[in-house]
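Chemist: Could you look at this predicted model? Sequence included:
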Amino acid sequence: MLLQRIFAAVLLLACVALSIMAWPYQAAFSYEPVGPRAFPLLMLGLMMLGLLYMLIRPTAIVHTEEDPRLDRPTLIKIGLCTVLLLVFAGLFEPLGFILSSILIGIPMARLYGGRWMPSVVIVTLMSVGLYLLFDKAMDVPLPLGLLDVLED
């Protein structure tokens, strides 16, 4: 239980530091009515509430046999998922939203048990659909990257 509380305290300090860093942020332009700092501050606030609970709760978290185990295959899957998300972040600007989502979404679907054909079809449709939803319907600009030639 002591390790859980130490982890919560260290992560709480990190959240406080990130909040202090995010508070004065001002963007040159904004397409949101509340500004660009609202989302990170909201997420950090929610994390801090959860971490405060972890610090003051009366009993330790006890895992039952029904909980999934953190065995080697599960840790490998978590590691691969993290690597795929980092690759997505790196390819987002140069390839654009649609291509990077397809390129990362298919291996992610396969990683969690998806079959090839449904994974390809669903990820492709979701990538195009989410692009249209954000860019056209909600007016949130997303990069097209290599598909920039398709823009009118």
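Modeler: Perfect, thanks for sending it. Residues are numbered from 1 along each chain as shown.
Chemist: Can you tell me the closest non-neighbouring residue to the most centrally placed residue in the chain?
Modeler: Central residue of the chain (C-alpha atoms, centre = their mean): residue 85, 7.7 Å from the mean position. For residue 85, ignoring the flanking residues on the chain, the nearest one in space by C-beta to C-beta, 6 or more residues apart in numbering is residue 104 at 7.5 Å. C-beta coordinates here come from the backbone N, C-alpha and C atoms, glycine included.
Chemist: Please enumerate the helices of this structure.
Modeler: 2-22, 38-56, 72-95, 97-111, 116-131 (DSSP state H).
Chemist: and the second one, how far from the chain's centre?
Modeler: In other words, helix 38-56. 16 Å (C-alpha atoms, centre = their mean, to the nearest Å).
Chemist: residues near residue 131, how many?
Modeler: Applying other C-beta atoms under 10 Å, we find 18 other residues in the vicinity of residue 131.
Chemist: Report the contact partners of it.
Modeler: By C-beta atoms under 8 Å, 6 or more residues apart in numbering, the residues touching residue 131 are 97, 98, 101, 142.
Chemist: switch the cut-off to 10 Å
Modeler: With contact set as C-beta atoms under 10 Å, 6 or more residues apart in numbering, residue 131 has these partners: 96, 97, 98, 101, 142, 143, 144, 147.
Chemist: and what of residue 53?
Modeler: By C-beta under 10 Å, 6+ apart, the residues touching residue 53 are residue 8.
Chemist: now it: how far from residue 118?
Modeler: For residue 53, the distance to residue 118 equals 39 Å [C-beta to C-beta, to the nearest Å].
Chemist: for residue 98, same thing?
Modeler: Applying C-beta to C-beta to residue 98 and residue 118 gives a distance of 19 Å.
Chemist: My guess is residue 128 contacts residue 98. True?
Modeler: Yes - between residue 128 and residue 98 a contact is recorded at 6.0 Å, counting by C-beta atoms under 10 Å.
Chemist: Between those two, point out the one with more neighbours.
Modeler: More crowded of residue 128 and residue 98, by other C-beta under 10 Å: residue 98, with 23 against 14.
Chemist: list the contacts for that one?
Modeler: 124, 127-132, 135, 142-147, 150.
Chemist: ok, of the residues you listed, which one's closest to residue 5?
Modeler: Residue 5 lies nearest to residue 130 out of these, by C-beta to C-beta, at 39.5 Å.
Chemist: Can you name the residues that contact the closest one?
Modeler: 97, 98, 101, 142.
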